[in-house]
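Colleague: can't give you the sequence, but here's the structure:
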């Protein structure tokens, strides 16, 4: 049984909510918004309730009324076809309004978020003369070749102080970055914000197991920070223990079946019980009682 798959997308939705928490009353979040048929889903749809509200945050600076967000985990690729597929999602979202032109094309934006910069995609932009600007660290506006205002957010390049939540969705976090995340969580006062932060922390811990193990033995970790991390660490350890127990149980069952097949084979070859018992005790390190129990569970071959 493999390790539990890291659930990146719930952590992403939580990170965006926390990034834009100052505007929570003005925004509607639709997670995994369904585009007519189940296989077509928008990772996150953010609807601005009041068009006059201007978001003073680099992540949402260009947001309009309807904002399509596509998140790519560290293992996901982001090439030109993925880029156009996200634009297609936005087009379908516009086309599926309840009435003709209910959702204006001029009121839609597209955001694609990824931890690492997709150099192949940016090379394509250069080679095909797309106009790209970089107004803020880690944020790239695609100014030509698109139907809707489009930005690519490279979370690794974001300013750490202002975008801890999104930067923490990485499998390459260093110890000081995990500490910064913990300190950010420690500063939260609202229980809802803390629940969102827990989703991000779970992702960070699962995706950075070795770094977290180093951090556990770090003397600079104060008690308060350790208390924040401890529940997630315990959850992770318990899951790992369960996985190991299940693996051991499976191996034991396979070994038992192998022994039973050996006993049946030896019976068929006419091997005496005393000799079979000696073979089991010597080759499988069994006690005399256990060897006899295996032999009892296998009927002797009848000529």
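Modeller: Cool, the structure landed. It should be emphasised that the depicted structure is a prediction, and the values quoted were computed from it without experimental measurement. Residues are numbered from 1 along each chain as shown.
Colleague: rest of the way, CA atoms for contacts and neighbours
Modeller: Fine.
Colleague: Break down the stretch 201-303 of the chain into its helices, ranges please.
Modeller: Under the criterion DSSP state H, counting those that start in this stretch, the stretch 201-303 of the chain carries helices at the ranges 209-216, 223-268, 273-283, 288-296.
Colleague: the bottom helix or strand of the protein by mean pLDDT?
Modeller: Taking mean pLDDT, DSSP states H and E as the measure, the helices and strands of the chain show their lowest mean at helix 223-268, namely a mean of 74.
Colleague: related to what we said a few turns ago, and residue 95, which of the helices of the stretch 201-303 of the chain is closest to it?
Modeller: Residue 95 sits nearest to helix 223-268 of all the helices of the stretch 201-303 of the chain, at 42.5 Å, using CA to CA.
Colleague: Can you list the strands that the helix or strand harbouring residue 47 pairs with?
Modeller: According to DSSP states H and E, residue 47 maps onto strand 41-48. Strand 41-48 pairs in its sheet with strand 27-34 (antiparallel), strand 66-72 (antiparallel), by DSSP bridges.
Colleague: what's that strand in contact with?
Modeller: Strand 41-48 has contacts (CA atoms under 8 Å, 6 or more residues apart in numbering) with 9, 13, 26-35, 64-71, 89.
Colleague: Try it again at 6 Å.
Modeller: Residues outside strand 41-48 that contact it (CA atoms under 6 Å, 6 or more residues apart in numbering): 26-35, 65-70.
Colleague: show me what contacts residue 208?
Modeller: By CA under 6 Å, 6+ apart, the contact list for residue 208 reads residue 171.
Colleague: same thing but 10 Å
Modeller: By CA atoms under 10 Å, 6 or more residues apart in numbering, the contact set of residue 208 is 170-175, 178.
Colleague: can you check residue 17 too?
Modeller: Counting by CA under 10 Å, 6+ apart, residue 17 has contacts 11, 23-24, 27-29, 46, 165, 193, 196-197.
Colleague: cool, and residue 69?
Modeller: Residues in contact with residue 69, defined by CA under 10 Å, 6+ apart, are 13, 16, 31-32, 42-46, 86, 89-90, 109-113, 150-152.
Colleague: likewise residue 168?
Modeller: Counting by CA under 10 Å, 6+ apart, residue 168 touches 11-12, 15, 115, 155-156, 160, 174, 177-178, 180-181, 200-201, 203-205, 207.
Colleague: Pull out the buried residues from the residues you listed.
Modeller: 11-12, 15, 115, 155-156, 160, 178, 180-181, 200-201, 203-205, 207 (16 or more other CA atoms under 10 Å).
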